[in-house]
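In: I'd like to go over a predicted model; first the sequence, then the structure.
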Amino acid sequence: MKGNHNFTEGKILSPLIRFALPVLLALFLQAMYGAVDLLVVGQFGTAADVSAVSTGSQIMQSITVMITGLAMGITILTGQKIGEKRPDEAGKAIGSGICLFAALAVCITAVMLLAANPLAVVMQAPEEAFSRTVTYVQICSAGTVFIVAYNVLGSIFRGIGDSKMPLITVAIACVLNIVGDVLFVAGFHMGVAGAALATILAQAISVLLSILIIRKRELPFALSKKDIRFDGRRIGRIVCLGAPIALQDLLVNISFLVIIAIVNTLGVVASAGVGVAEKLCAFIMLVSSAYMQSMSAFVAQNIGANRPDRAKRALFCGVSTSVLAGLLMAYLSFFHGDLLSSLFARDPEVILAAADYLKAYALDCMLTSFLFCFMGYFNGCGRTVFVMIQGIIGAFGVRIPISYLVSRMANVSLFHIGLATPASSLVQIALCVGYFLLQNRRQKQTLLKESGQPV
């Protein structure tokens, strides 16, 4: 099938970049997909509408990152089996993964429909935006099955080295969501409910069209109906690989929810401003996020093919190229945050609040160029427990405590609260570098022992 990549031979940088570009475009469209709701509501609604979509979408983002993280178990396992040249095992793993995520979709839907109101309370949604926040979460939760299906499809294709199919999937969803938002929000004046409805309808149609496209393509793995079953051993392997990533992503996202809850106590303008800034951050961090996903697939294949040195070289190539994009995003965020924020809001106070928060993220842009590549590398190596641990330390040991303590200070600004994020990234980078050096030392000691040389 065209678009599949064997990452275990030949050059490193050019195949990594070629694979990362469709991932980057897919993440861009996915960010657009999430941002369109806020953009349209910001132009045709009130500050309360913007706050509701901001808080509601952050709640749903927590669910999405958990699903995406767990689906990385499929990406890693599939990539390793492809690297081992065992396509039949890759198909069996995918079949078990489909069953696992189908059951998960049903459970999440039921829980989220019941939890929408309590979650809005926990998030301290401003009174003016409370009921609209609940409405947004409930409508989006009804479409959880499509969120799950989209992420499972993406994880499968990244595992086989095809980054173009996820791009097609999200492109379809993005276009449909834009059309739906314009129709329901701008046309029918449905406000927050219209934005949520456009989101789930776009996802539903996107998944159905994507399945039709996939059925006409030749796949590099064997998947039959008998493979789509609950295989305890394979599901256990997927969960072991994906659960730490899912837990880490979920807890990190919860840490950002805590920050939003802290900011919500400062009023609806601050709430809307941080909501706008967080949507912009999805774009600002695109290159780093693309490298993290691409690095996982690249490294997984090489680990499966027993080529760890090649995996390390990929890490260094990723860091050296992504840092250039990080510098550019840092410049735009720090010096032109007001211009960027004006794309999503009309209220001058909201724009100024968002720009103030973005200045802190400018520092994080440079740091995540290193951090995300290391995280992708360790995920591809199957060291997902470490990725979870360093993420939890950063979130709950640094980001939340600093945000809370700073918010208690007199004359606090959103910039000061936002500094908790780069502080967390610095600590996580230190942990990643330390763990990387420790693993290298252990590998060298193992090689010396095997060769009979003194350690």
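Out: Nice, I can see it.

In: quick one: low-confidence ranges for this structure?
Out: Across the chain, the ranges flagged by pLDDT under 70 are 1-6, 33-34, 214, 219-220, 222, 448, 450-455.

In: repeat that for 50
Out: Applying pLDDT under 50 to the chain flags residues 1-3.

In: what's the residue closest to the geometric middle of it?
Out: Note on the chain: the residue nearest the mean C-alpha position is Val65, at 5.3 Å, using CA atoms, centre = their mean.

In: for it, helix, strand, or coil?
Out: helix (DSSP: H, G, I helix; E, B strand; the rest coil).

In: thought it was touching Leu251?
Out: No - judged on CB atoms under 8 Å, Val65 makes no contact with Leu251 at a distance of 9.8 Å. Quick note: C-beta positions are derived from backbone N, CA and C, even for glycine.

In: quick one: the helices in the stretch 101-250 of the chain?
Out: Counting by DSSP state H, counting those that start in this stretch, the stretch 101-250 of the chain has helices at residues 130-141, 144-159, 164-181, 191-215, 232-264.

In: on that earlier part again, spit out the contact partners of the residue nearest to the centre of the chain.
Out: Shown in contact with Val65 (CB atoms under 8 Å, 6 or more residues apart in numbering): Ala246, Asp249, Leu250, Val252, Asn253.

In: One more: Ala149?
Out: Taking CB under 8 Å, 6+ apart as the criterion, Ala149 is in contact with Phe101, Ala105, Val207.

In: With distance to Met190 and neighbour count as extra columns, can I get these in JSON lines?
Out: Listed next are the contacts of Ala149 as JSON lines, based on distance: CB to CB, whole Å; neighbours: other CB atoms under 10 Å:
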{"residue": "Phe101", "distance to Met190": "31", "neighbour count": "21"}
{"residue": "Ala105", "distance to Met190": "26", "neighbour count": "19"}
{"residue": "Val207", "distance to Met190": "23", "neighbour count": "22"}
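
In: ok so, going back, between the contacts of Val65, which sits nearest Met329?
Out: For those, the residue nearest Met329 by CB to CB is Val252; the value is 19.5 Å.

In: give me the number of residues near the closest one?
Out: The tally of other residues near Val252 (other CB atoms under 10 Å) stands at 22.

In: In this structure it contacts Gln390, no?
Out: No - using CB under 8 Å, Val252 is not in contact with Gln390, being 10.2 Å away.

In: Please determine how far Leu27 is located from Phe372.
Out: Distance from Leu27 to Phe372, counting by CB to CB, to the nearest Å: 12 Å.

In: Sorry, wrong one. I was asking about Val145.
Out: Counting by CB to CB, the gap from Val145 to Phe372 is 29 Å.

In: who has more neighbours, the two?
Out: Counted by other CB under 10 Å, Val145 and Phe372 do not tie: Phe372 has more neighbours, with 25 against 19.

In: Turn the contacts of Val65 into a markdown table, including distance to Gly304.
Out: Shown next, in a markdown table, are these (distance: CB to CB, whole Å):
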| residue | distance to Gly304 |
| --- | --- |
| Ala246 | 22 |
| Asp249 | 23 |
| Leu250 | 27 |
| Val252 | 27 |
| Asn253 | 29 |
